[in-house]
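got a predicted structure plus its sequence, pasted below:
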Amino acid sequence: MSLFEAGEQANRAKAMPLAARMRPERLDEFVGQEHFLGEGKLLRRLLAADRLGSVLFYGPPGTGKTTLARLLAAESQSHFHQLSAVTSNVKELREVLADARDRLSAEERKTLLFIDEVHRFNRAQQDVLLPDVEEGVVVLVGATTENPFFTINSALVSRSRVFQFEPLSAEHIKTLVRRALADSRRGLGRYDVRINEDALEFLAQTSDGDARRALSALEIGVLSSEARPVEFTRALAEESVQRKAVQYDRQGDTHYDSISALIKSIRGSDPDAALYWLARMLEGGEDVRFLARRLVILASEDVGNADPAALPLAVATAQACEIVGLPECQLNLAQAVTYLACAPKSNASTIGIGEARGEVREGRLLPVPVHLRDRHYAGAKRLGHGEGYQYAHDAPDAIAAQDYLGVEREYYRPVDRGYEKELARRLKEIRARIRQHRAKE
């Protein structure tokens, strides 16, 4: 390297943000993702056995996908080449693959091809990769924030191992912040920063598992402070943290995962978790009509007759959302979510209709008993339709002892919770009376 090249490289390094400068230089410096990178875990074993094949890194921003790709190239002694699916085209991709074939033939050295936002490649571009991925000409590392099983060709997914990155924990973030403060060569060690524990905790909690966000806030706070040494307080941390845009795709993985979390939190009777997932979806721009419809469904599916007021409340919420709109209808949604979460739960109706429809689909069709058939047309009497029918309201308690199905079935089994407990008691008496009548016939 010439003197000029060294100077240019140093100047570029100075311009890099702290998060980029603090990228780990060795695999043992990497923080997080222990579930697949820890000792004895799959990716670590593949590296140790020199059997690293093509992989897809799937997860939120700031969790180390690009950094780990570079480290894998270094560990496997492969040539590293990076492309962005947003700016690259088929011609450029073919040139990179041709270079990789030449390198493998002439130097016996593999190429680790890192493609950022690989889900942005169209089908033709993804198909171009397949032959060289299959033959091992390149080790593909594709990074995506979208679920690859939804957004990437199944042929490419089937030839790759998928590793899901999780947001970094608060302790991970603290480790990275402390490392940046202690490092004088790449980090902020030369500034003599004294960070309060409260400020460190604030950075760790508000970064949402994104290392870039935490380190950017740290750098802004230190460099904007004129005092030396720098007292990095909670107030300085709050001033330095920028509001993060909510990562939410109304048509993709986040949408389905979030509504799943909301429904399961309500079903699990946790109003606090339910409110959080509701807030997450509202902040992400979710359609309030979609949310309202799901609450109407849940009111019958998971609350049912344990609390008959749940369904009218959910329907009223859907109507209120149409009348009021955002932002005020968040109050209607919050009321419905908390009520449904705290309501007694029953899926007895859900199970009952499922079992009944299952019998019908299997062809176990029952004829309508003669006494229940329609008799409001000419000739019905001659066929005997309706003969022997007992009008329920003529009975003292409006329960007529007659058979309504022709066979004994119990699809609806009320639970011992809420109002359904009373229904269970009443239904027991009704079924006993019907059973006695059937036995007489």
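Perfect, I can see it now. Remember, it's a predicted structure, so these values are computed and weren't measured experimentally. Residues are numbered from 1 along each chain as shown.

let me know the outermost residue of the chain.
residue 382 (62.3 Å; C-alpha atoms, centre = their mean).

what sits against that residue?
With contact set as C-beta atoms under 8 Å, 6 or more residues apart in numbering, residue 382 has no partners. (Glycine included, C-beta is placed from N, CA and C.)

that's a helix at it, yeah?
Yes - looking at residue 382 with DSSP: H, G, I helix; E, B strand; the rest coil, it is inside a helix.

that one and residue 375, how far apart?
Distance from residue 382 to residue 375, counting by C-beta to C-beta, to the nearest Å: 10 Å.

also residue 142?
69 Å.

what's the answer for residue 390, then?
For residue 390, the distance to residue 375 equals 14 Å [C-beta to C-beta].

and those two? which has more neighbours close in?
Each of residue 390 and residue 375 has its neighbours counted (other C-beta atoms under 10 Å); residue 375 has more, 16 against 13.

can you tell me the closest non-neighbouring residue to the more buried one?
residue 386 (3.1 Å; C-beta to C-beta, 6 or more residues apart in numbering).

any regions of the chain where pLDDT drops low?
Scanning the chain for pLDDT under 70 picks out 1-14, 242-253, 441.

the strands in it, which residues?
Assigned strands in the chain, in chain order: 55-58, 79-84, 111-116, 138-144, 161-164, 193-195, 230-232 (criterion: DSSP state E).

just send these back as a markdown table, with mean neighbour count and distance to residue 292 too.
Supplementary listing: the strands of the chain in a markdown table, determined by neighbours: other C-beta atoms under 10 Å; distance: least, C-beta to C-beta, whole Å:
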| stretch | mean neighbour count | distance to residue 292 |
| --- | --- | --- |
| strand 55-58 | 24 | 31 |
| strand 79-84 | 16 | 39 |
| strand 111-116 | 24 | 38 |
| strand 138-144 | 25 | 31 |
| strand 161-164 | 16 | 31 |
| strand 193-195 | 18 | 45 |
| strand 230-232 | 19 | 45 |
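
and those strands: which comes nearest residue 395?
Residue 395 lies closest, by C-beta to C-beta, to one member of those: strand 161-164, at 61.5 Å.

for the closest one, output the C-alpha coordinates as PDB.
C-alpha atoms of strand 161-164 as PDB (Å, rounded to 0.1, in the frame of the first residue of the first chain):
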ATOM      1  CA  ARG A 161     -29.600 -22.600   5.500                       C
ATOM      2  CA  VAL A 162     -31.800 -19.900   7.200                       C
ATOM      3  CA  PHE A 163     -30.500 -18.200  10.300                       C
ATOM      4  CA  GLN A 164     -32.900 -15.900  12.100                       C
END
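
if we can go back for a sec, surely the residue nearest to residue 375 is in contact with residue 369?
No - counting by C-beta atoms under 8 Å, residue 386 does not reach residue 369; the two are 10.3 Å apart.

all helices of the stretch 151-300 of the chain, in order?
With DSSP state H, counting those that start in this stretch, the ranges of helices along the stretch 151-300 of the chain come out as 154-158, 170-182, 197-206, 211-223, 234-240, 253-267, 271-283, 288-298.

most tightly packed of those?
With neighbours defined as mean count of other C-beta atoms under 10 Å, the helices of the stretch 151-300 of the chain peak in mean count at helix 211-223, which reaches a mean of 22.

elements contacting that helix?
For helix 211-223, the packing partners by 3 or more C-beta pairs under 8 Å, 6 or more residues apart in numbering; DSSP states H and E come out as helix 18-21, helix 170-182, helix 197-206, strand 230-232, helix 234-240.

what's the longest one packed up against?
The reference is to helix 170-182. Packed on helix 170-182, when contacts are counted by 3+ C-beta pairs under 8 Å, 6+ apart, are strand 193-195, helix 197-206, helix 211-223.

nearest spatial neighbour of residue 71, skipping sequence neighbours?
residue 27 (4.9 Å).

distance check, that neighbour against residue 238.
From residue 27 over to residue 238 the distance is 35 Å, taken as C-beta to C-beta.

quick one, longest helix in this structure?
Longest helix in the chain by number of residues, with DSSP state H as the criterion: helix 420-440.

how far does it sit from the chain's center?
With C-alpha atoms, centre = their mean, to the nearest Å as the basis, helix 420-440 stands 45 Å off its chain's centre.

now distance to residue 41 too, for the helices and strands packed on helix 211-223, in CSV please.
Below are the helices and strands packed on helix 211-223 laid out as CSV (distance: least, C-beta to C-beta, whole Å):
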stretch, distance to residue 41
helix 18-21, 25
helix 170-182, 16
helix 197-206, 24
strand 230-232, 35
helix 234-240, 34
